[in-house]
Every structure is written in C-alpha cells, then in structure tokens.
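Enquirer: Can you look at this prediction? I've put the sequence above it.
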Amino acid sequence: MEQLQVKLKVYLMEQLQVKLKEKDEKLDGDAALNKFFQDIYRDADEDTRRAMRKSFVESNSTVLTTNWKEVGAKKVEGSPLDGMELKKWEY
C-alpha cells in the first residue's frame, strides 16, 4: 500500500511539472491567440460557450462573441475583413 502511495505521489508531481511547464511556455502568433480562445472557452459557463459556438458558425467564422443575450435571439451576420467579400455556401 505504501509503495502505491509513493508511485501515486511521483506521478502527480510529474503531472504538476508538465502543467507548470506548459503554463510557462511562451507562445506567439497564431498559437498564442488559439490558446487564448481555448482558455476562454474552457473556463466559460454554458451560456458563454453556446454564444461562442453560435456566433462563430452563423457568421462563417468572422464573428466571435461571448454574450448569449446578444446572439441568442437573432441570427449572427458575418462581417468580412477589409478587402474581402462574404460568400454564402449553397448546399
């Protein structure tokens, strides 16, 4: 039993070191932005997650909002970047 506890402690310490290393890892560019949005989504409540999914899908990946009260009752319209045009996909 004591040997199992020691193995468990070692495993948990290794996992903690991995997590701390990941946290200290400096990301830049797209990787940093992607992690930022992943962290927001992971730590959000269900309404915020729903708002993020709905706004991203309905706007063809051009709008991302966390406010469910704003997007829950209406369709989210896409807004293309400057110099781009939004095209509708036909199924």
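Expert: The structure has been received and is ready for your questions. Numbering: from 1, shown residues only.
Enquirer: Name the residue closest to the centre of this structure, please.
Expert: Nearest to the mean C-alpha position of the chain, counting by C-alpha atoms, centre = their mean, stands residue 38 at 2.2 Å.
Enquirer: measure it to residue 73 for me?
Expert: Using C-beta to C-beta, to the nearest Å, we find residue 38 at a distance of 27 Å from residue 73. Every residue, glycine included, has its C-beta placed from N, CA and C.
Enquirer: And residue 33, by the same measure?
Expert: According to C-beta to C-beta, residue 33 stands 29 Å off from residue 73.
Enquirer: which one of the two has more residues nearby?
Expert: Under the criterion of other C-beta atoms under 10 Å, the comparison of residue 33 against residue 73 puts residue 33 first, with 11 against 7.
Enquirer: May I have the secondary structure class of that one?
Expert: At residue 33 the chain is in helix, as set by DSSP: H, G, I helix; E, B strand; the rest coil.
Enquirer: Local confidence estimate at it?
Expert: Looking at residue 33, its pLDDT is 84.
Enquirer: Give me the pLDDT for residue 1.
Expert: pLDDT, residue 1: 62.
Enquirer: Alright, calling it a day.
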